[in-house]
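J.: Got a predicted structure plus its sequence, pasted below:
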Amino acid sequence: MKMLVKSAIAAGVVAATMGMAATMGMAKAETVKVGIAAEPYPPFASPDASGKWQGWEVEIAMALCEEAKLDCEITPVSWDGIIPALTTKKIDIITASMSITAEREKTIDFSDKYYNTPTVILGSKDVKMEPTPEGLKDKIIGVQVSTVHQAYVKKHFGDTAAEIKEYQTQDEANQDLAAGRIDATQADALALETFAATDTGKACCEIKGKVADDLEVLGPGVGVGIRKGDTAMKEKMNAAIKGIRANGKYDEISKKYFNFDIFGG
């Protein structure tokens, strides 16, 4: 009888242990590493004094995870290595102001867009220019590598610009513009407007205008980067984007940073 009781207890312990392991396994499977660019890109993402990442895109990413019932952690990765980090499973999704383009879709998938803002040229106040090939003729243009802006500048301004200088981060391009080492830089309007509003930006630079649309290069907007074939994650992110737009969370976060609709047309 004692042996039967001991066997029953042992079986119960094994079952409980297996149940706990299964539960832990499920929890682990739902933990998502959210890749963001390790370089500051205010107002979308930048570290505070303690090193914690904050900004509109960080908050939106966590809101998407909450809506999708996913346990997420922000994982900074250098911009030029962020797609390889996704494809090699070092991260699970990308929320780093990555434009949806046909070229990138050869390697990764995307959710529906979660924002779309214009692309502009920021230039020296002392240099007259228009955001056109003719207007930027003989100018030195700085651009961040591995971005749609790099592709756009090479395609549209490569034949007329005096030089196209490439930078690992947008901040480096901004600082060289402020120092007078380049004449202009191209990037997302919000990021460049944020820099132009700083003391350094006010002293040196001004927005020269929006570049001409090129859907093939610039894409229809920014989406969540997802591994090829991960349909389950794509469906979760698409549903989460719709969810936070419908329940007001998207607008609640956006109003803390912007006085217009960042979602775009």
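T.: Arrived safely, thanks for sending. Numbering: from 1, shown residues only.
J.: what's stretch 67-77 in contact with?
T.: For stretch 67-77, the surrounding residues in contact (CB atoms under 8 Å, 6 or more residues apart in numbering) are 27, 30-38, 53, 58, 61-62, 65, 85, 90-91, 236-237, 239-240, 243-244, 247, 249. Glycine gets a C-beta too; all of them are placed from N, C-alpha and C.
J.: What mean pLDDT does it get?
T.: For stretch 67-77, mean pLDDT rounds to 97.
J.: list the buried ones in it?
T.: Using 16 or more other CB atoms under 10 Å as the burial criterion, the residues of stretch 67-77 that qualify are 67-68, 70, 72, 74-77.
J.: where exactly do the strands run in the stretch 51-200 of the chain?
T.: Taking DSSP state E, counting those that start in this stretch as the test, the strands found in the stretch 51-200 of the chain are 53-54, 71-77, 93-94, 108-115, 119-124, 140-144, 163-167, 184-188.
J.: Can you tell me which of those strands is nearest to residue 231?
T.: strand 108-115 (8.3 Å; CB to CB).
J.: List the pairing partners of the closest one within its sheet, with orientation.
T.: Strand pairing for strand 108-115, using DSSP bridges, gives strand 222-227 (antiparallel).
J.: one step back: can you flag which of the contacts of stretch 67-77 belong to helices?
T.: In helices, judged by DSSP state H, the following of these are found: 27, 58, 61-62, 65, 85, 236-237, 239-240, 243-244, 249.
J.: residue ranges with poor pLDDT in this structure?
T.: Counting by pLDDT under 70, the chain contains low-confidence residues at 1-30, 265.
J.: Could you list the domains of it?
T.: Per the record, the chain has its domains at 32-116+221-254, 119-218, by automatic domain parsing.
J.: Now render these as JSON lines, adding distance to residue 264.
T.: JSON lines is the format used below for those (distance: least, CB to CB, whole Å):
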{"stretch": "domain 32-116+221-254", "distance to residue 264": "3"}
{"stretch": "domain 119-218", "distance to residue 264": "11"}
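J.: For residue 262, find the nearest of those domains.
T.: Distances from residue 262 to each of the domains of the chain were compared using CB to CB; the shortest belongs to domain 32-116+221-254, at 4.8 Å.
J.: gap between that closest one and the chain center?
T.: Averaging C-alpha positions (CA atoms, centre = their mean, to the nearest Å) puts domain 32-116+221-254 6 Å from its chain's average.
J.: Endpoints of it, how far apart?
T.: Chord length of domain 32-116+221-254, first to last residue, is 23 Å (CA to CA, to the nearest Å).
J.: and what of stretch 223-232?
T.: One end of stretch 223-232 sits 16 Å from the other (CA to CA).
J.: Repeat that for stretch 210-229.
T.: Its start and end residues considered, stretch 210-229 measures 35 Å (CA to CA).
J.: what comes up buried for that stretch?
T.: Of the residues in stretch 210-229, 211, 217-219, 221-227 count as buried by neighbour count, 16+ other CB under 10 Å.
J.: pretty sure residue 168 contacts residue 80?
T.: Yes: between residue 168 and residue 80 there is a contact under CB atoms under 8 Å: 6.9 Å.
J.: can you list residues touching both of those two?
T.: Both residue 168 and residue 80 are contacted by residue 145, under the criterion CB under 8 Å, 6+ apart.
J.: Can you redo the buried residues of stretch 67-77 as CSV, where the extra columns are distance to residue 156?
T.: As requested, the buried residues of stretch 67-77 are arranged in CSV below (distance: CB to CB, whole Å):
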residue, distance to residue 156
67, 38
68, 38
70, 39
72, 37
74, 34
75, 34
76, 31
77, 29
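J.: Would you mind measuring from the most centrally placed residue in the chain to residue 259?
T.: Ranked by distance to the mean C-alpha position of the chain (CA atoms, centre = their mean), the top residue is residue 96 at 1.3 Å. Using CB to CB, to the nearest Å, one gets 24 Å for the distance from residue 96 to residue 259.
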